[in-house]
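Participant: coordinates only, sequence not included:
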């Protein structure tokens, strides 16, 4: 046995492609399921939300403008990078969620496979959802789904990796960018996912990960006038009336929380979660000689 | 040898005077009753409070009828009727439900002229539009959705999607019958029952539609029509036993409804305001573009949420486009909505006329140049001349706020990037127009516009197969096409993605 001291990581935010500390200087203690000290995570603030939304807005046109094939390859690259870190993530899940190693490994595998599943949707959901409309007149008329813009998301509080991926991937695959608030008690797998994204050709600002307290940050995201949609999946079982009231100020699209946090293990039946963050655009043009 | 030096004047064929003899549509085809009750549970009933309000003709200010004013008790009764009917309606096969909708579509076609005349009288819009637009399109929406009723497995929500239950629907005064059809057709096809409130200034065609429901033997309670103003609408939205709310109207009211529904499980779709950019590039076919600009903003007196109210003209052709636009506007005929030659009808209400007047006054105050064609306004009724503002600043109120009247603001741009940036510089995102002969430029521009409907080399086209709805503060959800069905269905096999 070596008596070498391990080198511990400073857990930081992932914002605009960089890893800053919270501008507030605040941190909070993260404990393992068994009560051990794990890390001091950044406790993101109102200003971090503002900066993250700014980064997401800046990155959005470029990400939406990339080809669907390109976005698919980037999402697939995330899966490749995660695959190489399966052991690390399984350890983190055992610590964070207190599950058995076998269960943790299954969660990591499911998270990787979910990236692959959504990567494949990148250039397909348009055809599944959109198409030619047979209007009664001499017009070419086409409807296609397009990303809605910048999405604010609250990650599931329980499922700290698979749940996070199940929320993130469908938001970004269409060309949205996202600001996500992690599980408060289990933020470290999200911090590690940020490190994976940074090395996976995901352009900076496409995914912004804020560790901290959703109760503090969600109202800020919900009321932000440069956020187009709000995913409250992570608020499962809580009363989100206040958040939805704030969201109405600029008519945000809101995905409401389920009554309780679902198992994210089953592969979704279709691309509905992608489409929940898309707008249908319909284009008309006359036909003639 | 020519000795006579007098010459016969050559007629000016470019700007003729276009004098037309009156050509009024016969008014007698539409019967207006003195009093109207509420349509609840398949019959007309008196409201609990006996209160009523008047509906008038906006073109003459003539009193047309007294209409029941529904309060919360009446709304409760209507929702109860819809709830009671829901079970049986859902149990019917899709094919049966579809047949009722086909009946409604046919009945509306049979009585189309009656509806067109009544709509023009109650709303003030030209008979040309009600006859050729509102009524046939309303019938087409019913016919289209009838065919969906037994094909819902293909609606995109997986096998066997469920209806939501009772839909509460609140519609505006600008397309009274058409909006009723947009709301009722998808709701019924998907197995929902409805409580719908027409706007207080235009209730008559909805109440005539109630007669069609009776003629079609539609089961009682499947369609309930309650009349009233904002408070009646608010009672529908807030009712505990309403499962879904669909609203078309102003962004301010839409936001209030979204707040009201916060924290509930009620589903919501909103079709709100707009401030559409109509972009004219320097290579556009200018005569066609001018027709499109006119159609875009002066159709239906500009009472159109998707109206092309911001004209963005490439700088090099600004003067030419504005000159030709003015020449064209001189030929528009404003007046009696029932005259078949009328292009511009009456403003829908005194209140709306006041709003248009106030906003256009700010246009001048903020430094824009105002122009209207010479045309006489009738002595009675609510009227506003078609108005064009040039030299409009991007931040001016007339360039940012929805006027909902026949008022066009003209702005300029130099490059395609600037056109797109200016077009998207709005809180709204309902529609946009593009005029150019270059295909690649159309597609490039269309890709970048944050608008739910983009009309290229055309404007203000609608079709039941074509999804309609907005980005950003113009609302969410779509109406029409397969997409519109999702607003009234829940998937049975998927993790709930409720929006």
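Facilitator: Cool, got the structure. A quick note: this is a predicted structure, and the numbers were derived from the prediction, not measured.

Participant: Spatially nearest residue to residue B:123, not counting backbone neighbours?
Facilitator: residue B:202 (5.0 Å; C-beta to C-beta, 6 or more residues apart in numbering or on different chains). (Each C-beta comes from the backbone N, C-alpha and C, glycine too.)

Participant: Oh, that last question was meant for residue B:267, not what I typed.
Facilitator: residue B:244 (4.5 Å).

Participant: What's the local residue count around the one you found?
Facilitator: Other residues lying near residue B:244 total 24 when counted by other C-beta atoms under 10 Å in any protein chain shown.

Participant: coming back round to it: test my guess that the residue nearest to residue B:123 contacts residue B:175.
Facilitator: No: Residue B:202 is beyond contact range of residue B:175, at 9.1 Å (criterion: C-beta atoms under 8 Å).

Participant: which non-adjacent residue is nearest residue B:177?
Facilitator: Using C-beta to C-beta, 6+ apart, the closest residue to residue B:177 is residue B:205 (4.1 Å).

Participant: What separation is there between that neighbour and residue B:171?
Facilitator: 11 Å (C-beta to C-beta, to the nearest Å).

Participant: Residues that sit against both of these two, list them.
Facilitator: Common contacts of residue B:205 and residue B:171, defined by C-beta atoms under 8 Å, 6 or more residues apart in numbering or on different chains, comprise B:180, B:198.

Participant: before we move on, the earlier item: dump the residue contacts of the residue nearest to residue B:267.
Facilitator: Contacts for residue B:244 (C-beta under 8 Å, 6+ apart) come out as B:164-168, B:187, B:192, B:266-269, B:487-488.

Participant: mind listing which of those residues are in helices?
Facilitator: Those of the contacts of residue B:244 mapping onto helices are residue B:187, per DSSP state H.

Participant: Show the backbone phi and psi for residue B:192.
Facilitator: Main-chain torsions, residue B:192, degrees, to the nearest 10: phi -90, psi 160.

Participant: Verify the contact between it and residue B:168 for me.
Facilitator: No: between residue B:192 and residue B:168 there is no contact under C-beta under 8 Å: 10.3 Å.

Participant: These two: who's more crowded?
Facilitator: residue B:168 (30 against 27).

Participant: what helix or strand is the residue of the stretch 1-150 of chain B found nearest chain A on?
Facilitator: Residue nearest to chain A within the stretch 1-150 of chain B (C-beta to the nearest C-beta): residue B:140, separated by 6.8 Å. Assessed by DSSP states H and E, residue B:140 sits inside helix B:135-146.

Participant: And that helix, what does it pack against?
Facilitator: The contact analysis (3 or more C-beta pairs under 8 Å, 6 or more residues apart in numbering or on different chains; DSSP states H and E) places helix B:135-146 against helix B:94-110, helix B:112-123, helix B:176-189.

Participant: from those helices, which stretch is densest packed?
Facilitator: Across the helices and strands packed on helix B:135-146, averaging neighbours per residue (mean count of other C-beta atoms under 10 Å in any protein chain shown) puts helix B:176-189 on top, at a mean of 27.

Participant: Run through who's touching whichever helix or strand comes after that helix.
Facilitator: Downstream of helix B:176-189, the next assigned helix or strand under DSSP H and E is strand B:193-197. For strand B:193-197, the surrounding residues in contact (C-beta under 8 Å, 6+ apart) are B:70, B:75, B:78-79, B:82-83, B:85-86, B:89, B:165-171, B:180, B:183-184, B:187-188, B:206, B:221-228, B:232-233, B:236, B:242.

Participant: What residue, apart from its backbone neighbours, is nearest residue B:204 spatially?
Facilitator: Distances taken as C-beta to C-beta, 6+ apart put residue B:122 closest to residue B:204, at 4.3 Å, once the chain neighbours are dropped.

Participant: quick one: pLDDT of that neighbour?
Facilitator: For residue B:122, the pLDDT comes out at 98.

Participant: How about residue A:178?
Facilitator: 98.

Participant: do the same with residue B:20
Facilitator: 82.

Participant: Just say helix, strand or coil for residue A:156.
Facilitator: What DSSP: H, G, I helix; E, B strand; the rest coil gives for residue A:156 is coil.

Participant: With adjacent residues omitted, what lies nearest to it?
Facilitator: Using C-beta to C-beta, 6+ apart, the nearest residue to residue A:156 is residue A:163, at 3.2 Å.

Participant: circling back to that earlier point, state the mean pLDDT of the helix holding residue B:140.
Facilitator: On average, helix B:135-146 scores 98.

Participant: One more: stretch A:254-274?
Facilitator: 94.

Participant: what do you get for stretch B:268-283?
Facilitator: Stretch B:268-283 comes out at a mean pLDDT of 98.

Participant: List the buried residues of that stretch.
Facilitator: B:268-282 (16 or more other C-beta atoms under 10 Å in any protein chain shown).

Participant: Could you do stretch B:394-407 as well?
Facilitator: B:396-407.

Participant: Just the pLDDT for the most centrally placed residue in chain B.
Facilitator: Geometric centre of chain B, nearest residue: residue B:175, 4.3 Å, by C-alpha atoms, centre = their mean. pLDDT for residue B:175: 98.

Participant: so what's it up against?
Facilitator: Neighbours of residue B:175 in contact, by C-beta under 8 Å, 6+ apart: B:134, B:300.

Participant: quick one: the strands in chain A?
Facilitator: Ranges of strands in chain A, per DSSP state E, are A:27-31, A:37-42, A:131-132, A:139-147, A:150-154, A:177-181, A:207-210, A:229-231, A:253-255, A:278-286.

Participant: So what angle separates the directions of the lengthiest helix in chain B and helix B:176-189?
Facilitator: In terms of residue count, the longest helix belonging to chain B (DSSP H) is helix B:72-91. In terms of direction (axes from the mean of the first three to the mean of the last three C-alpha atoms, to 10 degrees), helix B:72-91 departs from helix B:176-189 by 50 degrees.

Participant: From the rest of the structure, what touches helix B:72-91?
Facilitator: B:38, B:40-41, B:45, B:47-49, B:68, B:70, B:97, B:163, B:165-166, B:168, B:188, B:191-195, B:219-222, B:224, B:226, B:232, B:235-236, B:239, B:241-242.

Participant: Provide a ChimeraX selection command restricted to the buried entries of those.
Facilitator: Here is the ChimeraX command that selects the buried residues among these (16+ other C-beta under 10 Å):
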select /B:38,40,41,45,47,48,68,70,97,163,165,166,168,188,191,192,193,194,195,219,220,221,222,224,226,232,235,236,239,242
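
Participant: Of the contacts of helix B:72-91, which belong to strands?
Facilitator: Secondary structure from DSSP E places B:38, B:40, B:45, B:68, B:163, B:166, B:168, B:193-195, B:224 of those in strands.

Participant: Let's have these in a markdown table, adding distance to residue A:128 and pLDDT.
Facilitator: Listed next are those as a markdown table, based on distance: C-beta to C-beta, whole Å; pLDDT from 0 to 100:
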| residue | distance to residue A:128 | pLDDT |
| --- | --- | --- |
| B:38 | 43 | 98 |
| B:40 | 41 | 98 |
| B:45 | 46 | 98 |
| B:68 | 47 | 98 |
| B:163 | 23 | 97 |
| B:166 | 30 | 98 |
| B:168 | 31 | 98 |
| B:193 | 30 | 98 |
| B:194 | 30 | 98 |
| B:195 | 34 | 98 |
| B:224 | 36 | 99 |
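
Participant: any chance of those in TSV, plus distance to residue B:426?
Facilitator: Below are the ones in strands among the contacts of helix B:72-91 laid out as TSV (distance: C-beta to C-beta, whole Å):
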residue	distance to residue B:426
B:38	39
B:40	41
B:45	44
B:68	39
B:163	36
B:166	35
B:168	29
B:193	37
B:194	32
B:195	33
B:224	37
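
Participant: Out of these, the closest to residue B:457 would be?
Facilitator: residue B:194 (37.1 Å; C-beta to C-beta).

Participant: All good on my end, thank you.
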